[in-house]
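In: next input, structure requested:
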Amino acid sequence: MISQILKLIVVGLLWGATNPVIKRKSKDIQKVKADSKLIQFILELKYLATNIQYLIPMAFNQLGSVLYFITLQEADLTLSVPLANSLTFVFTAVSGWIMGEEIPKKSTIFGVFLVILGTLLCCVDKYERGELKS
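Out: Residues are numbered from 1 along each chain as shown. Here you go, the predicted model:
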């Protein structure tokens, strides 16, 4: 159980911490312009495929997806989905703030607290029911 939860926390961290970086490093894609939609698509794809500052966080994000897929084979879905997705929200909010984005509002901080509390309660409930094994 502990290893599954730790893996899901790492998944949330990989997804959440990379979201603000991917957003920031891909914002210049709006400057790519072309006359046709096909050429526009190709130029945007080229921009992303050659932007190393975008590719590195995207690789870590995808590493999180691979770890999530592997963890789903051994973890309970009723725990793994809310745990990974809710922690992604938490890590996105925190890492965005660290990167200099808008300071989270009180309601966002309260939401993060509730997400962490709810996730913890889900883990405790599964453990007490004996549905999770060490």
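
In: if I look at the residue located most distally from the centre of the chain, how far off is Leu43?
Out: Within the chain, the residue lying farthest from the chain centre (CA atoms, centre = their mean) is Asp35, at 34.4 Å. According to CB to CB, to the nearest Å, Asp35 and Leu43 sit 11 Å apart. C-betas here are computed from N, CA, C, even on glycine.

In: kindly report the same for Ala93.
Out: As judged by CB to CB, Ala93 and Leu43 stand 33 Å apart.

In: and the two? which has more neighbours close in?
Out: Comparing Ala93 with Leu43 by other CB atoms under 10 Å, the one with more neighbours is Ala93, at 20 against 14.

In: tell me which element that one falls in.
Out: For Ala93, the element it lies in under DSSP states H and E is helix 77-98.

In: what is the helix or strand following that helix packed up against?
Out: Tracing the chain past helix 77-98, the next element assigned as helix or strand by DSSP H and E is helix 106-128. The helices and strands touching helix 106-128, judged by 3 or more CB pairs under 8 Å, 6 or more residues apart in numbering; DSSP states H and E, are helix 77-98.

In: so what touches the helix it packs on?
Out: Counting contacts by CB atoms under 8 Å, 6 or more residues apart in numbering, the residues outside helix 77-98 that touch it are 4-5, 8-9, 11-13, 15-17, 19-21, 68, 71-72, 102-104, 108, 111-112, 115-116, 118-119, 122-123, 126, 132.

In: filter these to the buried ones?
Out: Buried positions within these, assessed by neighbour count (16 or more other CB atoms under 10 Å), are 4-5, 8, 11-13, 15-17, 19-21, 68, 71-72, 112, 115, 119, 122-123, 126, 132.
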